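> sequence and predicted model, in that order:
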Amino acid sequence: MTTATTAAAGLRLTLERVTLGYGRGGVLRDVDLEIEPGEILTVVGSSGSGKSTLLRGLAGLLPPYRGRILADGAEVTGPSPDRAMIFQEDGLLPWRTVLRNVELPLAIRKVPRDERRRAAREWIARVGLAGSEDRLPRELSGGMRQRVQLARALAAAPRAVLMDEPFGALDAQTRAEMQRLLLDVLRDTSATVVFVTHDVDEALLLGHRIAVITSDGVRILAEATRERIVKEL
Ligand SMILES: Nc1ncnc2c1ncn2[C@@H]1O[C@H](COP(=O)(O)OP(=O)(O)OP(=O)(O)O)[C@@H](O)[C@H]1O
């Protein structure tokens, strides 16, 4: 790899006694969590348990009521290009081509045009979409759109990638392809990944460690097996 994508080390993400929520009362209370640089932490939990809320906190989109959220020891006070987000809904700009969507975060960072084109093309190829650079999002399948999202997130060389059920809307086969692709492309980055999913098998496949959110809080399972996770949920 020749792009800037490989340069930055993964972020250490820390929650110290964090309470997060909306309006009255916390969805997550007094959470302590340390996510190591370069690790893939998968997060499972039943619907409404607070998985997306945790990600929003890490993204800097939702300030904690209490406690601190830290990225490499510095308090997170808002979104940063260091922490990319990928959602289930693709979030691509419908009027921009694949190439121009992938380039966008680099353009925002004022990366010179030639350089950002090169990085965008390279990532588009790496996610298996070479030849689709000039297509619009509406001309792509759901799986292809998620590939574009992945390319867009990684082309900007984030130090952490926060993924909220990114493959949740895909059919089983496309989902399996995307899981393999994700593991493959992450091998060339040192980004820290927090990956939220409903799917226990996906969590086991992708995660170095697995966090389970229950009504008692967020817990890392030391020896995660399918049976143990299902029992916790
Ligand atoms: N913008 C919001 N305003 C008020 N309450 C919210 C908001 N977003 C989420 N909530 C509430 O916070 C709780 C946790 O929601 P969250 O989206 O984090 O759960 P989740 O585990 O990601 O669920 P799912 O798996 O269904 O996506 C839920 O009770 C939800 O209703």
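That came through fine.
> shaky segments in this protein?
Scanning the chain for pLDDT under 70 picks out 1-7.
> against the ligand, how distant is residue 218?
Noted for residue 218: a distance of 11 Å to the ligand, by Cβ to the nearest ligand atom, to the nearest Å. (C-beta placed from N, C-alpha, C; glycine too.)
> OK, contacts around that residue?
With contact taken as Cβ atoms under 8 Å, 6 or more residues apart in numbering, residue 218 is in contact with 28, 31, 33, 43, 54, 211, 212.
> redo those residues as CSV? Include neighbour count, distance to residue 135 and secondary structure.
CSV is the format used below for the contacts of residue 218 (neighbours: other Cβ atoms under 10 Å; distance: Cβ to Cβ, whole Å; DSSP: H, G, I helix; E, B strand; the rest coil):
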residue, neighbour count, distance to residue 135, secondary structure
28, 23, 40, strand
31, 23, 42, strand
33, 21, 40, strand
43, 27, 33, strand
54, 28, 34, helix
211, 23, 37, strand
212, 25, 39, strand
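> which strands and helices sit next to the helix or strand in which residue 123 is found?
Following DSSP states H and E, one finds residue 123 within helix 113-126. Applying 3 or more Cβ pairs under 8 Å, 6 or more residues apart in numbering; DSSP states H and E, one finds that helix 113-126 contacts helix 98-108, helix 142-155.
> this structure - how does it break down into domains?
9-82+158-232, 92-157 (the TED database).
> what would the contacts of residue 218 look like in JSON lines with distance to the ligand?
Below are these laid out as JSON lines (distance: Cβ to the nearest ligand atom, whole Å):
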{"residue": "28", "distance to the ligand": "8"}
{"residue": "31", "distance to the ligand": "12"}
{"residue": "33", "distance to the ligand": "15"}
{"residue": "43", "distance to the ligand": "9"}
{"residue": "54", "distance to the ligand": "7"}
{"residue": "211", "distance to the ligand": "12"}
{"residue": "212", "distance to the ligand": "11"}
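> residue numbers of this protein in contact with the ligand?
Within the chain, the residues that sit near the ligand (Cβ under 6 Å from any ligand atom) are 22, 27, 45, 47, 48, 49, 50, 51, 52, 53, 198.
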